[in-house]
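Student: Output the structure for:
(one chain, ligands or ions: 1)
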Amino acid sequence: MHEMSLAEGILRIIDDQAATRGFRCVLRVRLEIGELAGVEIEALRFAFDAVKANGIASQAVLEISTARGEGWCMDCGTTVPIAALYADCPLCGGARVRASGGMDMRVIDIEVDGDTADDPNRRSRRPPA
Ligand SMILES: [Zn+2]
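Tutor: Next comes the predicted model:
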């Protein structure tokens with residue numbers, strides 16, 4: 001399942017950030033998912049709930065925004081909004097549209113429990129790479 005490996009990837013990013021920034025509890029993870037990324041958002045939520053269960057992100061809520069799909073139409077030379085990878089150009093109807101935006105998923109922000117002042121791990125955190 002594609003979404004399961006994406007969810008594991010998100011968890012790895014969280015773990016890396018936790019090692020760098022020294023937090024222990026993640027409250028919220030903000031993701032941006034392109035309309036053309038081929039990600040089933042509900043399936044991703046389900047997968048993330050499964051993989052987060054016993055880790056640092058067990059309390060974390062996914063906040064997902066979508067990025068509009070965009071393509072470059074070679075016939076009319078315009079960047080156009082498209083809803084699918086191989087959609088025709090909405091302006092001229094041409095089929096030679098190359099996807100140019102909204103094709104990936106990225107982690108925008110990880111919101112953590114701010115009360116980490118007494119956390120002994122904070123002092124030993126590694127500097128940002
Ligand atoms: Zn066109």
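Student: give me every residue that touches Val26.
Tutor: 14, 18, 56-57, 59-60, 110-113 (CB atoms under 8 Å, 6 or more residues apart in numbering). In this view, the C-beta of every residue, glycine as well, is placed from N, C-alpha and C.
Student: Of the residues you listed - the most surrounded one?
Tutor: Neighbour counts for those (other CB atoms under 10 Å) peak at Ala57, which has 25 neighbours.
Student: Using the three-state scheme, assign the residue nearest to Arg98 when sequence neighbours are not counted.
Tutor: Closest residue in space to Arg98, ignoring its immediate chain neighbours: Trp72 at 5.0 Å, by CB to CB, 6 or more residues apart in numbering. Put simply, Trp72 is strand when judged by DSSP: H, G, I helix; E, B strand; the rest coil.
Student: ok, back up a step: so of the contacts of Val26, which ones are in helices?
Tutor: 14, 18 (DSSP state H).
Student: could I get the contacts of Val26 as a markdown table with pLDDT?
Tutor: Formatted as a markdown table, the contacts of Val26 follow (pLDDT from 0 to 100):
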| residue | pLDDT |
| --- | --- |
| Ile14 | 95 |
| Ala18 | 91 |
| Ile56 | 92 |
| Ala57 | 95 |
| Gln59 | 93 |
| Ala60 | 95 |
| Ile110 | 95 |
| Glu111 | 95 |
| Val112 | 92 |
| Asp113 | 84 |
